[in-house]
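Peer 1: curious how this folds, go ahead:
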Amino acid sequence: MDVMIVYLDNSSTTRPYDEVTKRVIHYMSLDYGNPSSLHELGLVAESAVEKARQQVGESLGKKPEGIVFTSGGTEADNMAIFGVAEKYRRKKGKIVTTRVEHPAIMSCMDYLESQGWNIHRLGVDEKGFIRPRDLEDALDQETVLVSVMLVNNEVGTIMAVEEMATLVKQYNYRNGTQIWFHTDAVQGLGKVKIPEQVDLISISGHKIHGPKGIGALWIQNDLSLPPFIYGGGQEGGRRSGTENVPAIVGFGEAALKSQRDLAARQKKMQEMKTYLYAGLSQQVTDIGLNGGMDAEKFSPAILNVSFLGVRGEVLLHMLEEKGIYVSTGSACSSHHKGDSPVLTAMGLTREEIQGAIRFSFSEDISYKQLDYVIDAVHHSVHGMRRIMNHRNSRR
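Peer 2: Predicted structure coming up:
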(Lines give C-alpha, C1' and ligand atoms only; values in the text may rest on other atoms or scores of the structure.)
Protein backbone atom coordinates (compact mmCIF):
# COMPACT_ATOMS: atom_id res chain seq x y z
CA MET A 1 0.00 0.00 0.00
CA ASP A 2 1.43 3.37 -1.04
CA VAL A 3 1.53 5.86 1.84
CA MET A 4 -0.91 8.76 1.57
CA ILE A 5 -0.84 11.68 4.04
CA VAL A 6 -4.27 12.15 5.62
CA TYR A 7 -4.61 14.63 8.47
CA LEU A 8 -7.66 13.86 10.61
CA ASP A 9 -6.61 15.59 13.84
CA ASN A 10 -8.11 19.01 13.16
CA SER A 11 -9.60 19.26 16.64
CA SER A 12 -6.04 19.32 17.97
CA THR A 13 -4.83 21.93 15.49
CA THR A 14 -5.36 22.96 11.88
CA ARG A 15 -3.09 23.87 8.98
CA PRO A 16 -3.15 27.68 8.64
CA TYR A 17 -4.82 29.01 5.51
CA ASP A 18 -2.33 30.29 2.94
CA GLU A 19 -3.83 33.78 3.29
CA VAL A 20 -3.21 33.62 7.04
CA THR A 21 0.44 32.60 6.60
CA LYS A 22 1.03 35.46 4.15
CA ARG A 23 -0.48 38.00 6.55
CA VAL A 24 1.58 36.68 9.48
CA ILE A 25 4.82 36.87 7.47
CA HIS A 26 4.01 40.40 6.32
CA TYR A 27 3.57 41.68 9.88
CA MET A 28 6.69 39.89 11.05
CA SER A 29 8.97 41.13 8.28
CA LEU A 30 7.58 44.49 7.10
CA ASP A 31 4.96 46.15 9.33
CA TYR A 32 6.61 44.96 12.54
CA GLY A 33 5.95 48.02 14.70
CA ASN A 34 4.76 48.03 18.31
CA PRO A 35 1.05 49.05 18.45
CA SER A 36 1.83 51.28 21.45
CA SER A 37 4.42 53.34 19.53
CA LEU A 38 3.35 56.77 18.28
CA HIS A 39 5.27 56.72 14.99
CA GLU A 40 3.99 55.45 11.65
CA LEU A 41 5.05 51.82 12.09
CA GLY A 42 3.30 51.75 15.44
CA LEU A 43 0.14 53.30 14.05
CA VAL A 44 0.08 50.76 11.19
CA ALA A 45 0.38 47.92 13.70
CA GLU A 46 -2.33 49.41 15.93
CA SER A 47 -4.67 49.74 12.96
CA ALA A 48 -4.03 46.09 12.01
CA VAL A 49 -4.83 44.92 15.55
CA GLU A 50 -8.08 46.89 15.61
CA LYS A 51 -9.09 45.54 12.20
CA ALA A 52 -8.49 42.00 13.48
CA ARG A 53 -10.53 42.78 16.59
CA GLN A 54 -13.38 43.81 14.31
CA GLN A 55 -13.04 40.59 12.28
CA VAL A 56 -13.01 38.36 15.35
CA GLY A 57 -15.98 40.22 16.80
CA GLU A 58 -17.92 39.75 13.56
CA SER A 59 -17.16 36.01 13.56
CA LEU A 60 -18.87 35.80 16.96
CA GLY A 61 -21.66 38.21 16.06
CA LYS A 62 -20.42 40.50 18.85
CA LYS A 63 -19.13 44.06 19.16
CA PRO A 64 -15.34 44.28 18.86
CA GLU A 65 -15.00 46.34 22.04
CA GLY A 66 -15.55 43.18 24.06
CA ILE A 67 -12.69 41.26 22.43
CA VAL A 68 -9.54 40.77 24.52
CA PHE A 69 -6.69 39.02 22.70
CA THR A 70 -4.93 36.29 24.70
CA SER A 71 -2.20 33.71 24.10
CA GLY A 72 -4.81 31.06 23.24
CA GLY A 73 -7.98 29.31 24.34
CA THR A 74 -6.50 28.12 27.62
CA GLU A 75 -5.63 31.65 28.73
CA ALA A 76 -9.04 32.86 27.60
CA ASP A 77 -10.71 30.19 29.75
CA ASN A 78 -8.48 31.05 32.71
CA MET A 79 -9.18 34.75 32.26
CA ALA A 80 -12.93 34.14 32.32
CA ILE A 81 -13.01 31.75 35.28
CA PHE A 82 -10.44 33.46 37.50
CA GLY A 83 -11.70 36.91 36.50
CA VAL A 84 -15.19 36.19 37.81
CA ALA A 85 -13.73 34.40 40.86
CA GLU A 86 -11.60 37.44 41.67
CA LYS A 87 -14.61 39.72 41.23
CA TYR A 88 -16.50 37.68 43.84
CA ARG A 89 -13.54 36.55 45.95
CA ARG A 90 -15.11 37.69 49.22
CA LYS A 91 -18.26 35.72 48.54
CA LYS A 92 -16.61 32.47 47.41
CA GLY A 93 -19.96 31.10 46.37
CA LYS A 94 -20.92 28.47 43.82
CA ILE A 95 -19.74 27.89 40.25
CA VAL A 96 -21.66 25.45 38.06
CA THR A 97 -19.84 23.58 35.31
CA THR A 98 -19.85 20.08 33.79
CA ARG A 99 -17.91 16.84 34.05
CA VAL A 100 -16.95 16.94 30.36
CA GLU A 101 -15.20 20.30 30.08
CA HIS A 102 -11.76 20.84 28.52
CA PRO A 103 -8.82 20.54 30.97
CA ALA A 104 -8.39 24.34 30.73
CA ILE A 105 -11.71 24.66 32.57
CA MET A 106 -11.53 21.57 34.77
CA SER A 107 -8.12 22.53 36.19
CA CYS A 108 -9.37 26.02 37.07
CA MET A 109 -12.34 24.51 38.86
CA ASP A 110 -10.17 22.05 40.77
CA TYR A 111 -7.97 24.92 41.98
CA LEU A 112 -10.89 27.12 43.02
CA GLU A 113 -12.42 24.18 44.87
CA SER A 114 -9.18 23.81 46.84
CA GLN A 115 -9.52 27.49 47.77
CA GLY A 116 -12.98 27.09 49.25
CA TRP A 117 -15.29 27.61 46.28
CA ASN A 118 -18.32 25.35 45.86
CA ILE A 119 -17.92 23.74 42.43
CA HIS A 120 -21.01 21.93 41.17
CA ARG A 121 -20.24 19.62 38.21
CA LEU A 122 -23.20 18.58 36.08
CA GLY A 123 -23.30 15.05 34.72
CA VAL A 124 -24.14 14.05 31.15
CA ASP A 125 -26.13 11.28 29.49
CA GLU A 126 -24.73 8.47 27.32
CA LYS A 127 -24.39 10.83 24.34
CA GLY A 128 -22.63 13.55 26.29
CA PHE A 129 -25.58 15.91 26.72
CA ILE A 130 -26.36 17.99 29.78
CA ARG A 131 -30.00 18.18 30.77
CA PRO A 132 -30.92 21.88 31.05
CA ARG A 133 -33.23 20.99 33.93
CA ASP A 134 -30.20 19.77 35.89
CA LEU A 135 -28.63 23.20 35.45
CA GLU A 136 -31.83 24.90 36.57
CA ASP A 137 -31.92 22.75 39.69
CA ALA A 138 -28.27 23.61 40.49
CA LEU A 139 -28.79 27.39 40.52
CA ASP A 140 -29.18 29.17 43.83
CA GLN A 141 -28.51 32.50 45.54
CA GLU A 142 -24.85 31.61 46.04
CA THR A 143 -24.15 30.94 42.35
CA VAL A 144 -22.00 33.53 40.55
CA LEU A 145 -20.96 31.74 37.35
CA VAL A 146 -22.00 28.97 34.97
CA SER A 147 -19.41 27.60 32.51
CA VAL A 148 -20.56 25.12 29.86
CA MET A 149 -18.62 24.33 26.67
CA LEU A 150 -20.33 24.85 23.32
CA VAL A 151 -18.96 21.75 21.55
CA ASN A 152 -17.32 18.85 23.33
CA ASN A 153 -13.79 18.43 22.04
CA GLU A 154 -13.74 14.63 22.24
CA VAL A 155 -17.15 13.46 20.96
CA GLY A 156 -18.55 16.60 19.31
CA THR A 157 -21.73 16.98 21.37
CA ILE A 158 -23.27 20.43 20.78
CA MET A 159 -24.47 21.61 24.17
CA ALA A 160 -27.76 23.53 24.50
CA VAL A 161 -25.84 26.63 25.57
CA GLU A 162 -28.39 29.13 24.24
CA GLU A 163 -31.19 27.42 26.15
CA MET A 164 -29.11 27.15 29.32
CA ALA A 165 -27.96 30.78 29.15
CA THR A 166 -31.58 31.85 28.76
CA LEU A 167 -32.52 29.78 31.83
CA VAL A 168 -29.82 31.61 33.81
CA LYS A 169 -31.07 35.02 32.68
CA GLN A 170 -34.63 34.07 33.63
CA TYR A 171 -33.41 32.90 37.04
CA ASN A 172 -31.59 36.22 37.51
CA TYR A 173 -34.74 38.14 36.61
CA ARG A 174 -36.94 36.17 39.01
CA ASN A 175 -34.54 36.13 41.95
CA GLY A 176 -32.56 39.35 41.67
CA THR A 177 -29.27 37.45 41.29
CA GLN A 178 -26.35 38.19 38.94
CA ILE A 179 -25.12 34.87 37.60
CA TRP A 180 -22.78 35.15 34.61
CA PHE A 181 -22.60 32.59 31.81
CA HIS A 182 -19.34 31.56 30.12
CA THR A 183 -18.90 29.19 27.20
CA ASP A 184 -15.71 27.66 25.88
CA ALA A 185 -16.40 27.92 22.13
CA VAL A 186 -12.94 26.82 21.00
CA GLN A 187 -14.37 23.80 19.12
CA GLY A 188 -17.50 25.68 18.05
CA LEU A 189 -16.20 28.68 16.13
CA GLY A 190 -16.39 28.03 12.40
CA LYS A 191 -18.40 24.84 12.87
CA VAL A 192 -21.65 25.70 14.69
CA LYS A 193 -23.76 28.74 15.52
CA ILE A 194 -22.38 30.94 18.31
CA PRO A 195 -24.96 31.53 21.09
CA GLU A 196 -26.26 35.04 21.69
CA GLN A 197 -27.27 35.04 25.37
CA VAL A 198 -23.88 34.32 26.95
CA ASP A 199 -21.66 36.81 28.81
CA LEU A 200 -18.19 35.38 28.12
CA ILE A 201 -16.87 33.43 25.11
CA SER A 202 -13.43 31.80 24.78
CA ILE A 203 -11.99 31.05 21.32
CA SER A 204 -8.66 30.04 19.79
CA GLY A 205 -6.88 30.83 16.52
CA HIS A 206 -5.23 27.54 15.68
CA LYS A 207 -8.52 25.61 15.70
CA ILE A 208 -9.84 27.63 12.73
CA HIS A 209 -6.76 27.57 10.45
CA GLY A 210 -5.13 30.51 12.19
CA PRO A 211 -1.79 30.76 14.03
CA LYS A 212 -0.97 29.00 17.29
CA GLY A 213 -0.40 31.09 20.38
CA ILE A 214 -3.36 33.42 19.88
CA GLY A 215 -6.91 33.39 21.19
CA ALA A 216 -9.51 35.75 22.56
CA LEU A 217 -12.05 36.23 25.30
CA TRP A 218 -15.20 38.16 24.49
CA ILE A 219 -16.64 39.95 27.54
CA GLN A 220 -20.07 41.53 27.38
CA ASN A 221 -20.04 45.21 28.29
CA ASP A 222 -22.04 44.89 31.54
CA LEU A 223 -19.39 42.63 33.07
CA SER A 224 -16.40 44.45 34.54
CA LEU A 225 -13.54 42.06 35.29
CA PRO A 226 -10.29 42.94 37.10
CA PRO A 227 -7.08 42.90 35.02
CA PHE A 228 -5.77 39.41 34.30
CA ILE A 229 -2.18 40.51 33.58
CA TYR A 230 -0.79 43.76 34.98
CA GLY A 231 1.67 45.97 33.15
CA GLY A 232 1.45 48.58 30.41
CA GLY A 233 -2.33 48.57 30.20
CA GLN A 234 -2.77 47.03 26.76
CA GLU A 235 -6.10 45.45 25.73
CA GLY A 236 -8.08 48.07 27.58
CA GLY A 237 -6.09 47.42 30.74
CA ARG A 238 -7.44 43.89 31.00
CA ARG A 239 -4.44 41.99 29.60
CA SER A 240 -1.15 43.89 29.61
CA GLY A 241 1.82 43.06 27.40
CA THR A 242 2.82 44.04 23.87
CA GLU A 243 0.28 42.55 21.47
CA ASN A 244 1.37 39.67 19.23
CA VAL A 245 0.53 41.59 16.07
CA PRO A 246 1.36 38.92 13.44
CA ALA A 247 -0.68 36.28 15.27
CA ILE A 248 -3.55 38.69 15.92
CA VAL A 249 -3.70 39.68 12.26
CA GLY A 250 -3.60 36.02 11.22
CA PHE A 251 -6.34 35.22 13.71
CA GLY A 252 -8.48 38.00 12.26
CA GLU A 253 -8.02 36.67 8.74
CA ALA A 254 -8.89 33.11 9.84
CA ALA A 255 -11.93 34.31 11.82
CA LEU A 256 -13.21 36.22 8.81
CA LYS A 257 -12.80 33.20 6.56
CA SER A 258 -14.39 30.89 9.12
CA GLN A 259 -17.72 32.61 8.55
CA ARG A 260 -17.57 32.64 4.75
CA ASP A 261 -19.56 29.80 3.19
CA LEU A 262 -20.05 28.34 6.67
CA ALA A 263 -23.09 26.29 5.63
CA ALA A 264 -21.20 24.78 2.69
CA ARG A 265 -18.22 23.84 4.89
CA GLN A 266 -20.51 22.34 7.53
CA LYS A 267 -22.22 20.28 4.82
CA LYS A 268 -18.89 19.06 3.41
CA MET A 269 -17.56 18.00 6.82
CA GLN A 270 -20.83 16.27 7.69
CA GLU A 271 -20.67 14.32 4.41
CA MET A 272 -17.10 13.26 5.16
CA LYS A 273 -18.03 12.24 8.70
CA THR A 274 -21.00 10.19 7.47
CA TYR A 275 -18.95 8.54 4.73
CA LEU A 276 -16.12 7.58 7.08
CA TYR A 277 -18.38 6.12 9.73
CA ALA A 278 -20.38 4.16 7.17
CA GLY A 279 -17.17 2.74 5.68
CA LEU A 280 -15.74 1.81 9.08
CA SER A 281 -19.03 0.17 10.10
CA GLN A 282 -19.02 -1.95 6.95
CA GLN A 283 -15.37 -2.97 7.09
CA VAL A 284 -14.70 -3.34 10.83
CA THR A 285 -16.73 -5.39 13.32
CA ASP A 286 -17.26 -4.62 17.01
CA ILE A 287 -17.08 -0.86 16.89
CA GLY A 288 -19.08 1.71 18.82
CA LEU A 289 -20.04 5.28 18.01
CA ASN A 290 -19.31 7.71 20.85
CA GLY A 291 -21.59 10.68 20.40
CA GLY A 292 -23.82 10.73 17.33
CA MET A 293 -24.33 11.55 13.66
CA ASP A 294 -27.24 14.02 13.87
CA ALA A 295 -25.88 17.26 12.37
CA GLU A 296 -28.21 19.32 14.58
CA LYS A 297 -26.83 17.81 17.78
CA PHE A 298 -23.22 16.88 17.01
CA SER A 299 -20.37 18.77 15.41
CA PRO A 300 -19.73 17.83 11.77
CA ALA A 301 -16.01 18.07 12.52
CA ILE A 302 -15.70 15.25 15.09
CA LEU A 303 -16.21 11.48 14.86
CA ASN A 304 -15.29 9.38 17.90
CA VAL A 305 -15.29 5.59 17.48
CA SER A 306 -14.35 2.77 19.86
CA PHE A 307 -12.70 -0.32 18.37
CA LEU A 308 -13.26 -3.13 20.85
CA GLY A 309 -10.33 -5.38 21.66
CA VAL A 310 -7.86 -2.75 20.48
CA ARG A 311 -5.74 -0.18 22.34
CA GLY A 312 -6.44 3.21 20.81
CA GLU A 313 -2.91 4.47 21.38
CA VAL A 314 -1.43 1.48 19.56
CA LEU A 315 -3.88 1.91 16.67
CA LEU A 316 -2.97 5.60 16.49
CA HIS A 317 0.70 4.77 15.91
CA MET A 318 -0.10 2.03 13.41
CA LEU A 319 -2.12 4.53 11.39
CA GLU A 320 0.66 7.10 11.76
CA GLU A 321 3.02 4.67 10.02
CA LYS A 322 0.60 4.75 7.09
CA GLY A 323 0.56 8.57 7.01
CA ILE A 324 -2.78 8.92 8.83
CA TYR A 325 -2.94 11.31 11.78
CA VAL A 326 -5.71 10.92 14.35
CA SER A 327 -6.11 11.30 18.12
CA THR A 328 -7.22 9.29 21.12
CA GLY A 329 -8.86 12.34 22.70
CA SER A 330 -7.98 15.88 23.73
CA ALA A 331 -4.46 16.90 22.70
CA CYS A 332 -4.22 19.03 25.84
CA SER A 333 -4.71 15.99 28.10
CA SER A 334 -2.66 13.46 26.10
CA HIS A 335 0.24 13.59 28.57
CA HIS A 336 -1.99 12.69 31.52
CA LYS A 337 -2.44 9.01 32.25
CA GLY A 338 -5.84 7.52 32.96
CA ASP A 339 -9.16 7.10 31.22
CA SER A 340 -10.87 9.98 29.43
CA PRO A 341 -13.06 11.93 31.91
CA VAL A 342 -15.47 12.68 29.03
CA LEU A 343 -16.00 9.06 27.99
CA THR A 344 -16.09 8.01 31.65
CA ALA A 345 -18.83 10.56 32.38
CA MET A 346 -20.79 9.18 29.40
CA GLY A 347 -20.76 5.74 31.03
CA LEU A 348 -18.53 3.86 28.58
CA THR A 349 -16.81 0.67 29.68
CA ARG A 350 -13.04 0.61 30.17
CA GLU A 351 -12.64 -1.45 26.99
CA GLU A 352 -14.64 1.11 25.01
CA ILE A 353 -12.65 3.99 26.45
CA GLN A 354 -9.27 2.41 25.79
CA GLY A 355 -10.23 1.59 22.19
CA ALA A 356 -11.49 5.08 21.34
CA ILE A 357 -10.13 7.05 18.38
CA ARG A 358 -11.12 10.61 17.43
CA PHE A 359 -11.20 11.54 13.74
CA SER A 360 -11.62 15.28 13.22
CA PHE A 361 -12.22 16.94 9.88
CA SER A 362 -11.55 20.06 7.86
CA GLU A 363 -13.25 20.99 4.62
CA ASP A 364 -10.35 19.85 2.42
CA ILE A 365 -10.63 16.10 3.07
CA SER A 366 -11.42 13.97 0.00
CA TYR A 367 -13.31 10.70 -0.49
CA LYS A 368 -10.11 9.14 -1.86
CA GLN A 369 -8.35 9.93 1.40
CA LEU A 370 -11.21 8.48 3.43
CA ASP A 371 -11.19 5.27 1.40
CA TYR A 372 -7.50 4.99 2.22
CA VAL A 373 -8.25 5.54 5.93
CA ILE A 374 -11.05 2.95 5.97
CA ASP A 375 -8.78 0.36 4.37
CA ALA A 376 -5.89 1.18 6.73
CA VAL A 377 -8.08 0.98 9.85
CA HIS A 378 -9.58 -2.31 8.65
CA HIS A 379 -6.18 -3.95 8.17
CA SER A 380 -4.69 -2.47 11.35
CA VAL A 381 -7.57 -3.47 13.63
CA HIS A 382 -7.82 -6.93 12.05
CA GLY A 383 -4.08 -7.45 12.52
CA MET A 384 -4.14 -6.31 16.16
CA ARG A 385 -7.10 -8.51 17.01
CA ARG A 386 -5.48 -11.53 15.35
CA ILE A 387 -2.34 -11.02 17.45
CA MET A 388 -4.37 -10.58 20.66
CA ASN A 389 -6.46 -13.70 19.94
CA HIS A 390 -3.30 -15.70 19.27
CA ARG A 391 -1.76 -14.54 22.57
CA ASN A 392 -4.94 -15.36 24.49
CA SER A 393 -5.17 -18.83 22.93
CA ARG A 394 -1.64 -19.65 24.13
CA ARG A 395 -2.37 -18.83 27.75
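Peer 1: what ranges do the helices span in the stretch 201-350 of the chain?
Peer 2: Shown for the stretch 201-350 of the chain, the helices assigned by DSSP state H, counting those that start in this stretch span residues 245-259, 262-283, 312-321, 341-345, 350-354.
Peer 1: go on, the stretch 51-200 of the chain?
Peer 2: Using DSSP H, counting those that start in this stretch, the helices of the stretch 51-200 of the chain run over 73-87, 103-114, 132-138, 161-175.
Peer 1: which positions in the last one come out as buried?
Peer 2: The neighbour-count criterion (16 or more other C-beta atoms under 10 Å) identifies 161, 162, 164, 165, 166, 167, 168, 171, 172 as the buried residues of helix 161-175. (Each C-beta comes from the backbone N, C-alpha and C, glycine too.)
Peer 1: kindly report the same for the first one.
Peer 2: Neighbour-count burial for helix 73-87, counted by 16+ other C-beta under 10 Å, picks out 73-85, 87.
Peer 1: from those residues, which is closest to residue 55?
Peer 2: Proximity of the buried residues of helix 73-87 to residue 55 (C-beta to C-beta) peaks at residue 76, which lies at 16.6 Å.
Peer 1: any idea how far residue 97 is from the closest one?
Peer 2: In this structure, residue 76 and residue 97 are 16 Å apart, going by C-beta to C-beta, to the nearest Å.
Peer 1: export the helices of the stretch 201-350 of the chain to TSV and append columns for mean pLDDT.
Peer 2: Formatted as TSV, the helices of the stretch 201-350 of the chain follow (pLDDT from 0 to 100):
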stretch	mean pLDDT
helix 245-259	96
helix 262-283	96
helix 312-321	97
helix 341-345	97
helix 350-354	96
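Peer 1: that older thread, Serialize the buried residues of helix 73-87 to JSON lines and add fields for pLDDT and distance to residue 101.
Peer 2: Conversion of those to JSON lines gives the following (pLDDT from 0 to 100; distance: C-beta to C-beta, whole Å):
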{"residue": "73", "pLDDT": "98", "distance to residue 101": "12"}
{"residue": "74", "pLDDT": "98", "distance to residue 101": "12"}
{"residue": "75", "pLDDT": "98", "distance to residue 101": "16"}
{"residue": "76", "pLDDT": "98", "distance to residue 101": "14"}
{"residue": "77", "pLDDT": "98", "distance to residue 101": "9"}
{"residue": "78", "pLDDT": "98", "distance to residue 101": "13"}
{"residue": "79", "pLDDT": "98", "distance to residue 101": "16"}
{"residue": "80", "pLDDT": "98", "distance to residue 101": "12"}
{"residue": "81", "pLDDT": "98", "distance to residue 101": "10"}
{"residue": "82", "pLDDT": "98", "distance to residue 101": "15"}
{"residue": "83", "pLDDT": "97", "distance to residue 101": "17"}
{"residue": "84", "pLDDT": "98", "distance to residue 101": "15"}
{"residue": "85", "pLDDT": "97", "distance to residue 101": "15"}
{"residue": "87", "pLDDT": "96", "distance to residue 101": "20"}
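Peer 1: export those residues as a markdown table, with columns for distance to residue 157.
Peer 2: A markdown table is the format used below for the buried residues of helix 73-87 (distance: C-beta to C-beta, whole Å):
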| residue | distance to residue 157 |
| --- | --- |
| 73 | 18 |
| 74 | 21 |
| 75 | 24 |
| 76 | 21 |
| 77 | 18 |
| 78 | 23 |
| 79 | 25 |
| 80 | 21 |
| 81 | 21 |
| 82 | 26 |
| 83 | 26 |
| 84 | 24 |
| 85 | 26 |
| 87 | 30 |
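Peer 1: farthest-separated two in those?
Peer 2: Greatest spacing in the buried residues of helix 73-87, by C-beta to C-beta: 73 and 87 (21.2 Å).
Peer 1: and the pLDDT at the residue nearest to residue 116 when sequence neighbours are not counted?
Peer 2: Nearest residue to residue 116 in three dimensions, chain neighbours excluded: residue 92, at 5.1 Å (C-beta to C-beta, 6 or more residues apart in numbering). Looking at residue 92, its pLDDT reads 89.
Peer 1: and residue 260, by the same measure?
Peer 2: pLDDT for residue 260: 86.
Peer 1: and residue 394, by the same measure?
Peer 2: If you check residue 394, the pLDDT there is 55.
Peer 1: equivalent analysis for residue 390, please.
Peer 2: Looking at residue 390, its pLDDT is 52.
Peer 1: try residue 155
Peer 2: pLDDT, residue 155: 98.
Peer 1: from residue 18, how far out is it?
Peer 2: 31 Å.
Peer 1: got a list of what the closest residue to residue 212 other than its chain neighbours touches?
Peer 2: Closest residue to residue 212 apart from its sequence neighbours, by C-beta to C-beta, 6+ apart: residue 206 at 4.2 Å. Counting by C-beta atoms under 8 Å, 6 or more residues apart in numbering, residue 206 touches 13, 14, 16, 72, 212, 213, 214.
Peer 1: low-confidence stretches in the chain?
Peer 2: Low-confidence regions of the chain, defined here as pLDDT under 70, cover residues 1, 329-337, 390-395.
Peer 1: I'd like to know which elements the top helix by length along it is packed against.
Peer 2: What stands out as the longest helix in the chain, according to DSSP state H, is helix 367-394. Counting contacts by 3 or more C-beta pairs under 8 Å, 6 or more residues apart in numbering; DSSP states H and E, helix 367-394 is packed against strand 6-7, helix 262-283, helix 312-321, strand 324-325.
Peer 1: find the nearest non-adjacent residue to residue 257, please.
Peer 2: Leaving aside its sequence neighbours, residue 257 sits nearest to residue 17 (C-beta to C-beta, 6+ apart; 6.1 Å).
Peer 1: burial measure for the one you found, as a count.
Peer 2: Residues lying near residue 17 (other C-beta atoms under 10 Å) number 17.
Peer 1: please report the distance of it from residue 262.
Peer 2: Residue 17 sits 15 Å away from residue 262, going by C-beta to C-beta.
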